[in-house]
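Peer 1: okay, sequence plus prediction incoming.
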Amino acid sequence: MRLTFLSLAAALLAGPAVAGNGLTARHTVAPVVQQTVTGTVTNATDNMPLTGVSVAVKGTSRGAATNDAGQYTISAEAGETLVFSFLGYTPQEIVVGQAATINVQLEEDAESLEEVVVVGYGTQRKSDLTGSVGVLSAEDLLQAPVNNALQGMKGRVAGVNVFLNSGSPSGSPRILIRGLGTINSSSNPLFVVDGVAMESIQFLNPNDIERMEILKDASSTAIYGARGANGVILVTTKRGAKVGGTVVSYDGFLNVGTLPRKIDVLNSAEWLEVIERGFANHSKYSTGTIPTLTRDDPRLFDAEGNPLYDTDWQEEATRTAVSHNHQFAVQTKADNSSFGAFINYANMQGIMLRNDVQRINGKIAYDAQPKDWLSLGVNLLANYTKENEFEEGGGHQMPRRSMLEMVPIFPVKFPDGTWSNSSMITDPFGLEAIPNPVHVLETQDRLRKRQQLFGNAYLTFHILPGLDLRTQFGFDKHDTNIQEYSPTDLINISQPLGRAYLENQRSFYWQEETYLNYNKEMGDHRINSVLGLSWQQRIYENNWVSAEGFADDFFRFNAIQSASQPGAPGSSYDKWAMNSYFLRGSYSYKDRYLVTVTGRIDGSSRFGENNKYGIFPSAGLGWVLSEESFLSDVQALDELKIRSSYGITGNTEIPTYQSLGTISTGTTLINGSRVSQSYVNRLPNPNLEWEKTNQFDVGFDLAMYNRRLTVAFDYYYKLTTDLLLDKPVPYSTGFTGVRDNIGSVSNRGVEVLLSGMPIANDVFNWQSTLNFSFNKNRIEELGENDEDIFPGPNWVSGSQTILRVGEPLSSYWGYRRLGTWGTDEADEPAAVGAIPGVAKRSTERTIIGNGLPDWVGSFVNNFSYKNFDLTVDLQFVWGVDILQQFTHSMEDRTGLSNGLATTLYDSWTETNQNTMVQQIRNGAYSGQNSEVDDHWVADGSYLRGNLISLGYNFGSVSLNKMNLKGLRVYASVQNAFLIDSKEFKGYDPEATSWGGNQWGQNIFFFQYPNPRTFTIGTSFQF
């Protein structure tokens, strides 16, 4: 019995084999005579009884299930049809006659037993795999109503870590497969959609996806050579119908997103108390004079000095976001061809004001076999998105920050309609210039318009039985138009001049690949092989212009020439190309001894003249122990396979021209005139080569109890060498460094996937999947002397991360906070220039945390009761830290803006000295004391209720009445709950303000809140 995991999942998602909706007829009918039917269901191969076989009366809600002896009992009348169905077996239908006993033998489903998975440049039987491959079906991917395919991947595949990082509808998740193994190159996996590399699947319509394969180890990724070091994600999109006829379908949902939690900040009364304390403590910190504290501004205070407003800026800057998504599909199949047409419209609102994305996506696919010796096909996708983007990077006075720091005594607008800001006060509070976040959101434009055209065409020549020659051409074209305008009245952003910015980005990628596939089965021997060659090229161009000095905000970016201070326009051009040769050979003997050998030669224009080409080999072995005679008597065992692989892959994803001595151009002033200038900005290195990842993997696949329990386990060790870093050079060269291959990083870990069906009968089914993975990251080498490197982000206290041999990437660098100085140790703080109430820190900086998790996993439970289904998806992270950079401006300094409630209730006083929170003072007049230390660091572990979904599948009786082939309705909640550390003070423990920074994970100044989303949806086919 060789039922695969995907067949199990498909059966689970289909629910119990019970038809009908249980409705009672309204008219009187003649009574029917039912009889009791009994029998035994066995396996046709060895006549063993089958437990948990579903026995249903077709067209009704009556059903039963076999017991441990394979026996069943059910009531049915003569002429009715019994349907026998079981996971991994071909269903049978038998018409009830006069006999009271019906025994059935079920045949194993050959198609499910020989299930194939997509691998590089072809397919393989899953039972023949020696590599580590994760599989996601469309049902898995879309179990939660998502607008982004990467969201649907989160928590679904062991060893694949998806960081959502943002609640924005256009936020780009970060994916790490088996850890982070690079410093200056991209860590993104290679995305291959229908055989064509796609730059990003961020805006790919997830409803178009049929399935995804995630290639994790070297045996599976080496076929992609220099682009496979970070893993490969193969996406297969939907095409024509699989059976004859036409199917029209619709899938749609409407969801509502809300802010699930608020950060605990000060209200007006609390904030004014902090101001008063700061003024009162001024003499402790400064000998300078300080103004008399007043509350006289009539726009903000009444005659008694009480605040007129108490604005909840988090409430004002966010909204209840309403989004909807609609997918229409027409799929047909004729004798020798098939056709599919798909169109999608999505309108996605973010919970921040005016943050939204609209996407229109169209796709067509045509496949045909006009001759016995020829197959052909074409696939074309067009995607258009229009977005008002939300700024999420670094610091700045943008709404994700100002909605927390804006002082609550200000209104959104004054009674005369004027927008408020923190400078609109006559009392001498010493506030920092902060723009009103609602004003920024409502009046600033950050428009992004993207057009993508993607597709491929192929010809397959069937030369001999089992031997095919395939040639295909694919392309991926992107055009992005950026339009930004910041008005003239946004203080600390664009006041008083206003600012406009325009940019056009264009990229075009193409690839041509031709390869032979040979698949042959000869008795006990089976061969699966591929041999081919590839050409790829990408060209990127952009141009931009900016301007300041607008008389008013009427034209915005539509008349940039009206600005009085135009900026210098700019443009750039970028190009790279690759030429590759690849092969793979897989051999199976008696379905028990497996060998796979893979190799690829890649040549890239990105690397040095002396290292243009690289070789990337791998080998994998497998042994199916369950096929051996010494395990044949183990009745509970269905499959046991052990497998192992070793190989080398590369990372070519570095900026172009890094090996060359490049020249920059610009302008300068000479004798009062602007003239052109050029200068060398990089030293050449003709020996620059690939980063290489050597990976060893060993694991096993286990299936038991008619595959009601499956286990997959992997241990891996990855060593990435020749890391690209800047090597120091003598200052006499005029440069500080040259890019070279001088570092190495290791990742080692385990992955476990457990899937089982504790309950399976005709009424109730429970299928449960637990997956978790552990990864340990370590820097092994950093050049000749293994010197520490401080890569940033550079902010308070300099670089906030460190690269150090023996430590993991994404290590936080700062001081230890030992508490606050007390009044009983006044002499000690004086020796370091401090006083009681100030933070007591270590004298030296050290590693204070790490932003990459040790453990990541999910626990997904699918329940079905008759026609109802329920999904409960829990996801967890353990062993990770968060660097809460917002502690700097919202707790370590006071008076300049609003802050955390801890600044009032936990701060140092003479009666509260055992605290980590410093004494209140006014930053504008008394200074501040803020350094990166471990008080900023919080435990980032969490348990999230990722999805709770309840659905109903209409039975055949109802479907027949409505002339439908299928109908499902459902309701769900995403991000239903979140349990995290009390140390964490932000919105969500998974975020970054440094998205382009490899080691910036879980480091953030402020963040876009992750919404709680309520959804209703439906899907139907006719």
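Peer 2: It's in.

Peer 1: just the strands in the stretch 851-1000 of the chain please.
Peer 2: Assigned by DSSP state E, counting those that start in this stretch, the stretch 851-1000 of the chain shows strands spanning 855-865, 868-878, 881-884, 937-939, 942-953, 966-974, 978-980.

Peer 1: pairing partners for Ser534 in the sheet, please.
Peer 2: Beta bridges link Ser534 to Glu513, Ser580, judged by DSSP bridges.

Peer 1: ok, the one 10 residues further on next?
Peer 2: Residues found in beta-bridge contact with Trp544 (criterion: DSSP bridges) are Glu503, Gly570.

Peer 1: so who does it touch?
Peer 2: With contacts taken as CB atoms under 8 Å, 6 or more residues apart in numbering, Trp544 has the following neighbours: Ile482, Tyr501, Leu502, Glu503, Asn504, Pro569, Gly570, Ser571. Quick note: C-beta positions are derived from backbone N, CA and C, even for glycine.

Peer 1: again, but for Lys242
Peer 2: The neighbourhood of Lys242, defined by CB under 8 Å, 6+ apart, consists of Lys333, Ser338.

Peer 1: returning to that earlier point: give me the buried entries from the contacts of Trp544.
Peer 2: Ile482, Tyr501, Leu502, Glu503, Asn504 (16 or more other CB atoms under 10 Å).

Peer 1: closest one of those residues to Val750?
Peer 2: Looking at the buried ones among the contacts of Trp544 and their distance to Val750, the nearest is Ile482, at 43.6 Å (CB to CB).

Peer 1: so which strand or helix has that closest one?
Peer 2: Counting by DSSP states H and E, the element that carries Ile482 is strand 467-486.

Peer 1: would you map the strands across the stretch 251-400 of the chain?
Peer 2: With DSSP E, counting those that start in this stretch applied, the stretch 251-400 of the chain shows strands at 321-333, 337-349, 356-371, 374-388, listed in chain order.

Peer 1: if we can go back for a sec, of the strands of the stretch 851-1000 of the chain, which is nearest Asn997?
Peer 2: Counting by CB to CB, and looking across all of the strands of the stretch 851-1000 of the chain, nearest comes strand 881-884 at 12.0 Å.

Peer 1: grab the nearest non-local neighbour of Tyr812.
Peer 2: Ranked by CB to CB, 6 or more residues apart in numbering and with sequence neighbours excluded, the top spatial neighbour of Tyr812 is Gly849, at 4.2 Å.

Peer 1: so how far is Ser811 from that neighbour?
Peer 2: 7 Å (CB to CB, to the nearest Å).

Peer 1: go on, Lys590?
Peer 2: 50 Å.

Peer 1: please identify which of the two sits among more neighbours.
Peer 2: Regarding Lys590 and Ser811, a neighbour count based on other CB atoms under 10 Å identifies Ser811 as having more, with 22 against 12.

Peer 1: okay, that one: pLDDT?
Peer 2: At Ser811, the predicted lDDT confidence score is 96.

Peer 1: show me the contacts for it.
Peer 2: Under the criterion of CB under 8 Å, 6+ apart, the contact partners of Ser811 comprise Thr801, Ile802, Leu803, Arg804, Ile847, Gly849, Asn850, Trp999.

Peer 1: so which of the residues you listed wins on neighbours?
Peer 2: With neighbours defined as other CB under 10 Å, the most crowded of these is Thr801; it has 29 neighbours.

Peer 1: got the contact list for that one?
Peer 2: Contacts of Thr801 were listed using CB under 8 Å, 6+ apart, and they are Phe790, Pro791, Gly792, Pro793, Ser810, Ser811, Tyr812, Trp813, Trp999, Gly1000, Ile1003.

Peer 1: at 7 Å what do you get?
Peer 2: Thr801 makes contacts with Pro791, Gly792, Ser810, Ser811, Tyr812, Trp813, Trp999, as judged by CB atoms under 7 Å, 6 or more residues apart in numbering.
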